[in-house]
Every structure is written in C-alpha cells, then in structure tokens.
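Participant: any chance you can model this:
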Amino acid sequence: MKLEKVSIFGLLMLAFTSLLMATSVFFPYINGKAMFVKVIITIVSLIFFYLLCAHSTFRANISNKLQVLKKNKVFSSTTIYMGIFLISTLLAVNKLLSFWGEPERGEGFVGVFFFFFFFVFSVLLFNRKNWIWFFRLNLFAGLIMFIKAVVELVNNPGIRATAFIGNADFLALYFVFIVFSSFLIFFDSKKENNNNFSGWMLFSSISFLASIVGLFLTQTRGALLGALTGVFITFIYFAIKGKDKFIYKNITFKKASIVFIIASIAFVILFIGTRHNPFWQKIPIFGRLAQISLNDNSTGSRLYATKIGLTSINPLTNGAQKFLFGWGWENYNIAWNKNYDPKSYMFERTSLDRAHNKLVDVLVMNGLLGLLAYLSLWIFSIRAVWKMSFSAETISILFFSIAFFVQNLFVFDQISTYIPFFCLLAFIVFKTQESNEK
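Facilitator: Numbers count the residues shown, from 1 in each chain. Got it, this is the predicted structure:
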C-alpha cells in the first residue's frame, strides 16, 4: 500500500531529528525538534488509523501482530510504564504542566507520548529492511553532527562540543548511539556481501571512528563510563556465550574476553591509584574523570538532588500518593523546592527541574510504581538480548543497552535521546519476534 510506505518513510525521517534547530524561537535546540516529531507522528497516526478503518487486509495484519506482541514482555512493560506515566500526570501537583510540558524541555506527557507512538508504529510497520535503512540514515545524521562539532571546536578551542543538540552530555549519548548504529550496519553489510568489503562497511567504519572522536570531544564523563561499562559487560557476555566461538585459529571469544576483563580491572585500579598524576589531565575526558570526588560540585549537586528526591516521595511526610505515583512529570522542581536541603547550596545555587539521574527522576515524577515499571522494561530488554543467539547484532544491542542505562545514572533523557531510547526498545522487540519466527 502506498500510504503505508508513506508512513514508513515518515518514521525513517525521524533519524534526522537531532539535526534540527529553530533559531527564531526561545529554545532553538528543543522546539524545532519537538515540532518536527509531533508533525511526523501526527501524519503517520492519521494514515495508520485511516488504513485500519479502510483496509481489511491491513487491519487483519495489525491485529495479528498485536496478538503476538501482547506476549512480548518488552512491549508490554513499556506500555505499562506509559500507563503509569498517564496516571501520575492525572494526579500531578501541576496537572497542566505535567500534561503539556514546558517549552524548555518539550516533554510532558504529550511530548513523551509522541515518542511512545514512534515505538509502537515502528514495531508494527518496520521490517528488517526498514530497520537497516533507519540505522543507515542515522549514520548520515551522525556524520553531519560530528562535522558540526569539529567546526564548533575549531572556532572555539577548549570548549565542550554541543553541535546541533546544544548540550555536551546529550551529544555524547547521541554519539554512543551512532557507534551502536555503525556496528549494526557494518555487520549487516558484511553478512549481505558474504564477508566481502562494501561501501556500507566503509561508511559505517568512518561513522564509528568519527563517533568515538566525537564522544571524546564532548568530554562527558557519564557517557564515557556508560560506553566503557557497555564494553566490559559485552566481554563478560563473550566469556559466557562465546566459549565455542573462535576469533582466530584456536583463540576463542572466552579466552580473549578473560584477558580483556583482567586487563580492564588492572587499568581501573591503576587509574584510581594515579588519577592525580598530570598525565591524565592531558587526555580528554580522563582529566575530568580524575576530578570526580564528593567535593566536586557536579558530584555533590547530584548527591543532594538524589537526597531531596528521596525525601520528596517519603510517604510519612508527603503521603502515599506521592510515594506510589510521584509528583507528576515536569513537577520535579516543585518537589525540589518543597523538600529543599540548604546544604545543597554549597554545590548548586539554582533550583533544579531534574535530578540528573534518570532513576531518581522517574521515582520523583512517576513514583515507586513508575520506577518499578521503568526498571522492568530494562530488565526484560537485557533478558531478551541475553537469550538471543550469539551474533554481532546481539552484541551491539547489549553494548548500547548497558551504555544507555549507565549514562542515564548521571543525566536524564532529553528530546535528542528519546528517539535512540525508543528505537532501542522497538528494535529489541523486533529482534525477539524475529528470533521466535525462526
């Protein structure tokens, strides 16, 4: 159906969301992206529901897919989380703000729900070819983002790159997403071309290298820790799952992984023991990692934000409703102000609207039930990936899942990271369904 292809094309165009800027508005890095996502998803929704009503074949196909998806725990847990998200919005302290969000973030229930629709539509409409093209388009977008970051640093040496995203932390996670996309495209192309080198393998290799450099240009500690943790867990996966897989001659993934794990632990011990050495200050990101301490303003601010967040959902002081369903999305600053700890002024002298920790954000704004639902979608995702057959795609998904989760322990989701997040969940659902069909 032509209209179905139009819908798929619209979803594919969301790969370029992070490149958009609207310089004529108050929040140029947010508002243009938010409007683009809403316009695309609205068009796709209208076409989708028209096809449901007008074409019995399409309706039957979607109905069959939904019957199967009901049994998919990643799909179900994501849907349940959004349901609790809605309840916490209806019970929010400032319901209007929670529902519509604020221009600076472009979120609220409505904003996040558009990304959830991207998740649902991509699960229902994308086949393998569509997914491959989505990741290919992300490589193009990532390369443009990298060029912008380089130009930015050439014109302003010494700053942390922000490119079209406007924030180094979110840009760093975006580059990790491009690393993930590069892996997928490289090995897909390798498989399609029977191990012969191809243009897509070359392009994905360039994108991979550019993204690694881009990650260092952002000097973002959370993203680096996330990426390194993702690599470390991936090698543990190799050691467990790859014992019968050979890298070279008689060297198995298991043997190589054990060596890497031991070397990594030794490096971490060495780094911690020598982190004040001037040598580390000369290496981007590592210099900032070496500065982490309880007296560091960034670390101290996050610890107090966590403390204030936990106080705000204490049922003895703020009631059972806040404990179970939170204060409502975009209402974190209300919880912060009411439960403010004056000692946090030593580290942070402004009111916060986020805890700079995704788990604390969800706990405060969606409550304990929201946090359990959010954690469940990650648990089921990692479990689904772990159960998949040993392959380059599985390894890539595992790496990015761990990297994304760890990164968000130091920051929070933003409009430029919601597409990677829901893309990851949707692709895991797709891979799970694909594995079940074989």
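Participant: which residues in the stretch 151-300 of the chain form helices?
Facilitator: Counting by DSSP state H, counting those that start in this stretch, the stretch 151-300 of the chain has helices at residues 168-192, 199-218, 221-241, 253-274, 278-281, 286-289, 297-312.
Participant: for the second one, packing partners?
Facilitator: If contacts are counted by 3 or more CB pairs under 8 Å, 6 or more residues apart in numbering; DSSP states H and E, helix 199-218 sits against helix 128-155, helix 168-192, helix 221-241. C-beta coordinates here come from the backbone N, C-alpha and C atoms, glycine included.
Participant: dump the C-alpha coordinates for that helix into CSV.
Facilitator: The C-alpha coordinates for helix 199-218 follow below in CSV (Å, rounded to 0.1, in the frame of the first residue of the first chain):
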residue,chain,number,x,y,z
GLY,A,199,30.7,0.7,0.6
TRP,A,200,28.4,0.5,3.6
MET,A,201,31.1,-1.3,5.6
LEU,A,202,33.5,1.6,4.7
PHE,A,203,30.9,4.3,5.6
SER,A,204,29.9,2.6,8.9
SER,A,205,33.7,2.3,9.8
ILE,A,206,34.1,6.1,9.1
SER,A,207,31.0,6.8,11.2
PHE,A,208,32.3,4.6,14.0
LEU,A,209,35.6,6.4,14.2
ALA,A,210,34.0,9.8,13.9
SER,A,211,31.6,9.0,16.8
ILE,A,212,34.4,7.8,19.0
VAL,A,213,36.3,11.0,18.4
GLY,A,214,33.1,13.0,18.9
LEU,A,215,32.5,11.3,22.2
PHE,A,216,35.9,12.5,23.4
LEU,A,217,35.2,16.0,22.1
THR,A,218,32.2,16.3,24.4
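Participant: in it, what's buried?
Facilitator: 200-201, 203-204, 207-208, 210-212, 214-218 (16 or more other CB atoms under 10 Å).
Participant: which strands and helices lie in contact with the host helix or strand of Phe116?
Facilitator: In the assignment (DSSP states H and E), Phe116 maps to helix 108-125. Under the contact definition 3+ CB pairs under 8 Å, 6+ apart, helix 108-125 sits against helix 2-13, helix 31-54, helix 56-69, helix 73-90, helix 95-100, helix 415-437.
Participant: re the thing from before, can you put the helices and strands packed on helix 199-218 in CSV and add mean pLDDT, distance to Val25 and mean neighbour count?
Facilitator: Shown next, in CSV, are the helices and strands packed on helix 199-218 (pLDDT from 0 to 100; distance: least, CB to CB, whole Å; neighbours: other CB atoms under 10 Å):
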stretch, mean pLDDT, distance to Val25, mean neighbour count
helix 128-155, 96, 19, 18
helix 168-192, 94, 18, 23
helix 221-241, 89, 27, 20
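Participant: out of those, nearest to Ile415?
Facilitator: helix 168-192 (8.6 Å; CB to CB).
Participant: just give the number of residues close to Cys423.
Facilitator: 24 (other CB atoms under 10 Å).
Participant: name all residues that make contact with it.
Facilitator: 118, 122, 134 (CB atoms under 8 Å, 6 or more residues apart in numbering).
Participant: repeat that for Tyr29.
Facilitator: So Tyr29 contacts 21, 164-167 (CB under 8 Å, 6+ apart).
Participant: ok, 7 Å please
Facilitator: 21, 165-166 (CB atoms under 7 Å, 6 or more residues apart in numbering).
Participant: same question for Tyr174.
Facilitator: 18, 145, 165, 416-417.
Participant: switch the cut-off to 6 Å
Facilitator: Contacts for Tyr174 were tallied using CB atoms under 6 Å, 6 or more residues apart in numbering; they are 18, 416.
Participant: for it, give its distance to Pro420.
Facilitator: 7 Å (CB to CB, to the nearest Å).
Participant: circling back: could I get the helices of the stretch 151-300 of the chain as CSV with distance to Leu14?
Facilitator: CSV is the format used below for the helices of the stretch 151-300 of the chain (distance: least, CB to CB, whole Å):
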stretch, distance to Leu14
helix 168-192, 13
helix 199-218, 18
helix 221-241, 22
helix 253-274, 35
helix 278-281, 39
helix 286-289, 32
helix 297-312, 31
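Participant: and of the ones you listed, who's closest to Leu153?
Facilitator: helix 199-218 (6.2 Å).
Participant: what's the least confident helix or strand in the chain, going by average pLDDT?
Facilitator: strand 246-248 (a mean of 63; mean pLDDT, DSSP states H and E).
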